[in-house]
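> Need the 3D shape of this:
(one chain, ligands or ions: 2)
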Amino acid sequence: MTDRPDPMKGKRRSSQWWGKTDKDGWAHRSWMKNQGFPAHLFDGRPVIGIANTFSEFNPCNAHFRKLAEHVKRGVYEAGGFPVEFPVFSNSESQLRPTAMLYRNLASMDVEEAIRGLPMDGVVLLVGCDKTTPALLMGAASCDLPTICVSGGPMLNGYYKNEKIGSGTHIWKFSEAVRGGQMSIEDFMSAEADNSRSAGHCMTMGTASTMASMAESLGMTLPGNAAIPAVDSRRYVLAHMSGMRAVEMVIEDLRLSKILTKQAFENAIVTNGAIGGSTNAVVHLLAIAGRVGVELDLNDWDRLGRDVPCLLNLMPSGEHLMEDFFYAGGLPAILREIGDFLNKDAVTANGKSIWENVKDAPCWNRDVVFELKKPFKPNGGIAVLRGNLFPDGAVLKPSAASPELMVHRGRAVVFEDIEDYKAKIDDESLDIDETCIMVLKNCGPKGYPGMAEVGNMGLPPKVLRKGITDMIRVSDARMSGTAYGTVILHGAPEAAAGGPLAYVQNGDMIEVDVPNRRLHLDVSDEEMARRRAAGTAFVNPYDRGYSKLYVETVNQADKGADLDFLVGKSGTPVLRESH
Ligand code: FES
Ligand code: MG
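Residues are numbered from 1 along each chain as shown. Ligands and ions are numbered 1, 2, ... in the order given. This is a model prediction of the structure:
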């Protein structure tokens, strides 16, 4: 039991369901008792909802039944009543057309469940890429005391005694097959070597990035991000998080006290220091929108500019999350970047972020580099602007080629991803390594869901020369496990009538990353003529969630949330159900 006095016992949210002696209270308790819960659990103690994204269709979260059991142990130990509930599990590896399309749907599921059910605090069980932002968004709209527990990364992949990383080696191996350097038999056999244990992608892809974002936002206990899914310490952390959730309810440590502007600034700086995924940009913007914090793309560029990358993990480096855990995990990084942090930002354990990490050890300087001797000089996200994307586009310098940071090239245009797939292997395609590949109609409305297709593979005739990078420009996202000089999240997107829709083969494009400039060398008059001659995008859906999504989704620079979900609405106790 927690030793804290609980003056609110019996007087909080859940008591308005289970603390009543009328017919409604009787009904709320009686039906719960069919699960074997004894009467004393309904005595007004803190009720902790455990939002579980378990699904066998989401392999990254398939071990979450066990994870939830350990959270429950902690909740019981601290004197709370844990109640687990399922929420939509958007699986990055299985769900079409893209898990991102359903991030906002999952967030609505979480929000409405938290608000409509008798809980006083929440534990969010998250893992695969989109489950972390979705659950944080939903919980942020409600603002109960909330703590996150990530499921943890898979163990390192090994292929022929070499480390291989989720996602990163799909891109590497598939390009090697297309360039004639790897057999299809070897390609197929590497599949099983990649995924050896429970857990999410073990590169610094979007899942590991978002676990690190949750930790640097203060939404988890220290050390959450890196512990492998199958390590006993992961289950200790789940247990301790369950205990802590009860105390957070007693302390009334609500999510909005943790998710402040300071916390988001800390997360942006952390993203730079870990070489994190570009996907964190849209997700943090969306989470901030839900809790009412003003955050925009300029914050990403401003705060990330001077942050070096300290972490030697794929896709930017050579190691994997298991190595990161042994090296000290995220606290070792946060300690190094202390001068960049808002040190007073409060975290889920009630202490400031700096109190948590100021003495954090590092056990391997080949994994976690020192600030004075960084792994790569530029860790942040560069935000490019110009006439092609007036509302901005993003690039991850640590994953890009230095020699392409200033470049003028001829556009080779693909109208959509199917057009790209149909043309890219055609030897007669008029393209060489100096060209800029341009992909349209893959943004939030256009795909729909802003799929991870921005890192288009190179044409075979370029790959055969041993060249592995070209500039690519789109309104899409890319996997956090991908790499290359890839300009993403262009806003407004083609399907929203952005200038991208009117780029043609042969147009010249100028990229100048040091000056944050992306320029389409076509006159305003010519663009106006093309726009007048063009046809407007029409929503292809006439029903269902996809129709609603395409009609209401915001552009990438606003986090691609549905417009009517932005803003916090709290957790009023809703009217009785009978
Ligand atoms: Fe789930 Fe990568 S597919 S984290
Ligand atoms: Mg992904």
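
> Run through the helices of the stretch 201-350 of the chain in chain order.
206-217, 232-251, 255-258, 261-274, 279-291, 297-304, 321-327, 330-336 (DSSP state H, counting those that start in this stretch).

> between those helices, which one is nearest to Ala198?
Ala198 lies closest, by CB to CB, to one member of the helices of the stretch 201-350 of the chain: helix 232-251, at 9.5 Å. C-beta here means a position set from N, CA and C on the backbone, and glycine is covered the same way.

> coming back round to it: so of the helices of the stretch 201-350 of the chain, which one's packed in deepest?
Highest mean neighbour count of the helices of the stretch 201-350 of the chain: helix 206-217, a mean of 31 (counted as mean count of other CB atoms under 10 Å).

> For that one, the averaged confidence score.
On average, the pLDDT along helix 206-217 is 98.

> Quick one: distance of that helix to the chain centre.
How far helix 206-217 lies from its chain's middle: 7 Å, per CA atoms, centre = their mean, to the nearest Å.

> Can you list the helices and strands that it packs against?
Using 3 or more CB pairs under 8 Å, 6 or more residues apart in numbering; DSSP states H and E, the elements in contact with helix 206-217 are strand 121-126, helix 131-142, strand 146-150, helix 261-274, helix 279-291, helix 330-336.

> Note down every partner strand of the third one and its orientation.
It refers to strand 146-150. Paired with strand 146-150 in the same sheet, following DSSP bridges, are strand 121-126 (parallel).

> and Pro374, how many neighbours?
If you count neighbours by other CB atoms under 10 Å, Pro374 ends up with 17.

> Pretty sure it sits against Cys309.
Yes - Pro374 lies in contact with Cys309 (CB atoms under 8 Å); the separation is 6.3 Å.

> before we move on, the earlier item: which among the helices and strands packed on helix 206-217 is found nearest to ligand 1?
Closest approach to ligand 1 among the helices and strands packed on helix 206-217 is made by helix 131-142 (8.3 Å; CB to the nearest ligand atom).

> What helices and strands are in contact with that closest one?
On a contact count with 3+ CB pairs under 8 Å, 6+ apart, helix 131-142 meets strand 47-52, helix 103-116, strand 121-126, strand 146-150, helix 206-217, helix 255-258, helix 279-291.

> Report the angle between that helix and helix 279-291.
For helix 131-142 against helix 279-291, the angle by axes from the mean of the first three to the mean of the last three CA atoms, to 10 degrees is 20 degrees.

> and helix 131-142, what's its mean pLDDT?
Helix 131-142 shows a mean pLDDT of 98.

> mind starting the numbering at 124 from now?
Sure, I'll start counting at 124 from here, so that last one is helix 254-265.

> Please enumerate the strands of this structure.
Counting by DSSP state E, the chain has strands at residues 170-175, 204-209, 244-249, 269-273, 280-282, 285-287, 505-507, 516-518, 529-537, 559-562, 594-597, 609-610, 631-635, 640-643.

> Closest residue of the stretch 474-623 of the chain to ligand 1?
Closest to ligand 1 within the stretch 474-623 of the chain is Thr604: 7.2 Å, counting by CB to the nearest ligand atom.

> how many neighbours does the closest residue to that residue other than its chain neighbours have?
The shortest distance from Thr604 to any non-neighbouring residue, by CB to CB, 6 or more residues apart in numbering, is to Gly290 (2.5 Å). The number of residues packed near Gly290 is 25, by other CB under 10 Å.

> check contacts around Gly290.
Gly290 is in contact with Cys324, Thr326, Gly328, Pro438, Ser602, Gly603, Thr604, Ala605, counting by CB atoms under 8 Å, 6 or more residues apart in numbering.

> Okay, helices next: where are they in the stretch 524-673 of the chain?
Going by DSSP H, counting those that start in this stretch, the stretch 524-673 of the chain shows helices at 540-546, 583-586, 647-656, 667-675.

> just the angle between the last one and helix 226-239, please?
Our comparison of helix 667-675 with helix 226-239, counting by the same axes, to 10 degrees, yields an angle of 100 degrees.

> Which among the helices of the stretch 524-673 of the chain is found nearest to ligand 2?
Closest to ligand 2 of the helices of the stretch 524-673 of the chain is helix 540-546 (CB to the ion; 15.2 Å).

> what about the helix or strand of the chain with the lowest mean pLDDT, near ligand 1?
For the chain, counting by mean pLDDT, DSSP states H and E, helix 291-301 ranks last in confidence among helices and strands (a mean of 90). No - under the criterion of CB under 6 Å from any ligand atom, ligand 1 is not reached by helix 291-301; the shortest gap measures 10.5 Å.

> That helix near ligand 2 at all?
No - contact of helix 291-301 with ligand 2 (CB under 5 Å from the ion) is absent, the minimum separation being 10.6 Å.

> What would that helix look like as CSV? C-alpha coordinates only.
What follows is helix 291-301, C-alpha atoms only, in CSV (Å, rounded to 0.1, in the frame of the first residue of the first chain):
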residue,chain,number,x,y,z
THR,A,291,16.6,0.0,-41.9
HIS,A,292,17.6,-3.4,-43.4
ILE,A,293,14.4,-3.8,-45.3
TRP,A,294,15.4,-0.7,-47.2
LYS,A,295,19.1,-1.7,-47.4
PHE,A,296,18.4,-5.3,-48.5
SER,A,297,15.7,-4.5,-51.0
GLU,A,298,17.9,-1.9,-52.7
ALA,A,299,20.7,-4.6,-52.7
VAL,A,300,18.3,-7.0,-54.5
ARG,A,301,17.3,-4.4,-57.0
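
> Please point out which parts of that helix sit buried.
Buried residues in helix 291-301, counted by 16 or more other CB atoms under 10 Å: Thr291, His292, Ile293, Trp294, Lys295, Phe296, Glu298, Ala299, Arg301.

> ok, now stretch 583-596?
By neighbour count on 16+ other CB under 10 Å, the buried set for stretch 583-596 is Pro583, Lys584, Val585, Leu586, Thr591, Asp592, Met593, Ile594, Arg595, Val596.

> How far off centre is it?
28 Å.

> ok, residues contacting that stretch?
Contact with stretch 583-596 is made by 298, 301-303, 511, 516, 523-524, 527, 530, 532, 548, 550, 554-556, 558-562, 577-579, 581, 607-610, 613, 623, 632, 634, 641, as judged by CB under 8 Å, 6+ apart.
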